[in-house]
Structures are given as structure tokens and as C-alpha cells.
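> Model the structure of this input:
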Amino acid sequence: MIYLNHFYIYLFFAIAIPKICLLQPRDKQYFTSNYEDSVLLSQYLIHEFSSQKIKDSLRIDLYGKTLNSSQVLFTIYDFNKKLLYKKRFPASLLKDYGNPIDKEDTSANEVAIKEGFDNFFMTENFFSPAIDPNVEFDNEISGPNIQVWKQIQLNRNNIAFIYNGIDEGHIFIVYLKSKKKVIEFNP
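Take a look at the predicted model:
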């Protein structure tokens, strides 16, 4: 009987623990963030991004003492747990810019940040093709690299994601297979 109990304990450590560890991303920096504060909110999504056939892991965490002073850590890992994208920015940028909020009203700011956080992974934020084939390149809007922009536009299978992460604007990202990395772009 004692040997049977030891066997089950061994089986637990041999099978269950490694599987639990595999569920976590492998990026050491993910666990050792610069934020000494606790995680206030966390959201996790399994969705197509780098491929239309295999789903990736997308995660957003808010670190800080309060929502108003918190920071966002947004990460994307592929199905092999390889880090594809990592972005840090102030949580105040999650707010909807269509509804200006008084900076002195902390409760209204917290509600707006929470709403932006809750809506971060909305289905409408994923779209394909990343750039409409009928759109013409514009240096002032699209940026200086027309070759990358055209690569994104020509691959109609690219899945783009849009989110609030800069002052008064959005960040568009797409995984570019030819470069094997996530690219920020303007459509």
C-alpha cells in the first residue's frame, strides 16, 4: 500500500507538474516584470493571429497600485510558446478617445480604463485582410516603408489586430511570415 501511494505521488510529479508548466509562456522577462506592484487585471485569449490554422496565445495584464497609475503588458505567444510580440504602455491609453474624460475624475478614469481593458480582445479588433487590396499607399499615413506595407497588403491571409496603445490613436499589428515577426503598421 505504501508503495502504491509513492507511485501516485511520483506519477503526479512526473505527469501533472510538467504539463502545468507547459501552460505558461517561456519568456523569463514575462515573469520578471519591471513593475513591483501586483497584477490588477489579467485577460487571456486563444485566437488566430500568426496563422489562420493554428491559434496563438494573447495576454494583457495591468500592473500597478491603482488602475489610474497602472501599466499594461501585452504579449503574444505562438503555439510553440515562442514570444512573438511584447508591448508595455500606460493603462490610461486603453481609454476610448471618442469620449474625453476629465483627468481629475479618478473614478471616471478607472471606469474608462476597465472598459478599455474589457474590450481589448473584441472580435472586431481582429480582421483580415490586414490592408484592403484597393487602398493606395500614403507616405504621410502609412509610413516610409512601402515594401513592407505592400507585403502586408498582398497577403490576404494575414490577420491584423488593432488596439489603443498610443496617444490619440491605434496600433495595428500583423505577423509577417517573411520576416518571422510582428510588424506595427498603418493601413
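> separation between the nearest residue to Ala91 once chain neighbours are set aside and Ile54?
Leaving out its chain neighbours, the residue that sits closest to Ala91 by C-beta to C-beta, 6 or more residues apart in numbering is Ser70, at 4.2 Å. For every residue, glycine as well, the C-beta is placed using N, CA and C. Distance of Ser70 to Ile54, given as C-beta to C-beta, to the nearest Å: 32 Å.
> ranges for the strands of this protein?
39-48, 55-63, 71-77, 83-90, 126-127, 160-166, 169-176, 181-185 (DSSP state E).
> Out of the ones you listed, which is closest to Asn134?
Asn134 lies closest, by C-beta to C-beta, to one member of the strands of the chain: strand 126-127, at 14.9 Å.
> helices or strands next to that closest one in the packing?
strand 160-166 (3 or more C-beta pairs under 8 Å, 6 or more residues apart in numbering; DSSP states H and E).
> Okay, now the unreliable bits of the protein?
1-37, 97-103, 142-144, 167-168 (pLDDT under 70).
> Report the contact partners of Thr66.
Leu40, Thr106, Glu110 (C-beta atoms under 8 Å, 6 or more residues apart in numbering).
> since we're on the spatially closest residue to the second one that is not a sequence neighbour, how many residues are nearby?
For Thr106, the nearest residue in space outside its immediate sequence neighbours is Asn68; the separation is 5.5 Å by C-beta to C-beta, 6+ apart. Residues contacting Asn68 under the criterion other C-beta atoms under 10 Å number 16.
> Can you tell me how far Asn68 is from Leu62?
When Asn68 is compared with Leu62 (using C-beta to C-beta), they lie 11 Å apart.
> Could you tell me which residues touch both of those two?
Ala91, Ile113.
> Longest helix in the chain, please.
Assignment by DSSP state H gives helix 106-118 as the longest helix of the chain.
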